[in-house]
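[1] Coordinates for the following, if possible.
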Amino acid sequence: MTSQATPSTAAPSTPAGEPSAAPSAAPSATPSATPSQPSATPGDRASAKADAAAPARRSPDVRAGARRALSLTGAGVRRLRTMLGEAAWLVCLLAAVALLLGTALIAVGANTHNALVQGVLHAADWADLGVFSRTAGIKQFTGDGAAVKNALTNWGLGAVAWLVVGRIARRVLTP
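    Sure thing, here's the model as predicted:
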């Protein structure tokens with residue numbers, strides 16, 4: 001009795017002048033395969049499909065990358081606007097605090113020859129912008145205690161104005 005050879009162990013017969021194409025152990029994905037010649041194993045078909053589908057998968061990845069770049073740019077702009085809004089609020093808050101501290105120092109009659117008191121009063125004079133000045137502000141009092149009343153009224157209004165402007169600037173700048 002003779003045993004029949006299985007396709008995995010026997011090499012196909014070829015004509016005398018042509019080289020033998022024995023199937024290798026590793027499947028090869030050759031683009032020269034023609035539809036009339038079926039591939040030896042199903043693994044070859046899967047790798048051929050993967051090679052053919054690879055360019056189709058790259059196109060959505062490029063678009064996704066562009067969308068991701070645009071979204072990161074949008075996030076960066078939102079972050080920048082948020083930081084600018086917070087910075088505007090901080091500047092306005094510091095100006096209001098300087099005015100309120102200056103008002104408190106005038107009200108308690110602090111020593112104006114002290115360097116710290118002079119610094120706070122100088123910052124408050126800058127923050128009043130001339131509109132809310134103690135000496136030529138919105139409302140001027142005369143008589144006993146006029147300096148304290150002028151500071152409380154004008155610098156108090158200036159502090160409220162700085163806080164309102166700061167909140168509006170923060171709302172406008174923050175997305």
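
[2] Can you give me the buried ones in stretch 142-159?
    Across stretch 142-159, burial judged by 16 or more other Cβ atoms under 10 Å covers 148, 149, 150, 151, 152, 153, 154, 155, 157, 158, 159. Every residue, glycine included, has its C-beta placed from N, CA and C.

[3] for the last one, what are its contacts?
    What it means is residue 159. Residue 159 makes contacts with 95, 96, 97, 99, 100, 103, as judged by Cβ atoms under 8 Å, 6 or more residues apart in numbering.

[4] same deal with the fifth one?
    With contacts taken as Cβ under 8 Å, 6+ apart, residue 152 has the following neighbours: 103, 106, 107.

[5] Columns pLDDT and secondary structure on top of these, output as CSV?
    Output for the contacts of residue 152, formatted as CSV (pLDDT from 0 to 100; DSSP: H, G, I helix; E, B strand; the rest coil):
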residue, pLDDT, secondary structure
103, 91, helix
106, 90, helix
107, 90, helix
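
[6] Just the buried residues from these, in PyMOL please.
    Remark: buried members of the contacts of residue 152, expressed as a PyMOL selection using 16+ other Cβ under 10 Å:
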select buried, resi 103+106
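
[7] burial of the residue nearest to residue 154 when sequence neighbours are not counted, as a residue count?
    Spatial nearest neighbour of residue 154, excluding adjacent residues (Cβ to Cβ, 6 or more residues apart in numbering): residue 137 at 3.3 Å. By other Cβ atoms under 10 Å, 18 other residues sit near residue 137.

[8] Report the secondary structure state of residue 137.
    coil (DSSP: H, G, I helix; E, B strand; the rest coil).
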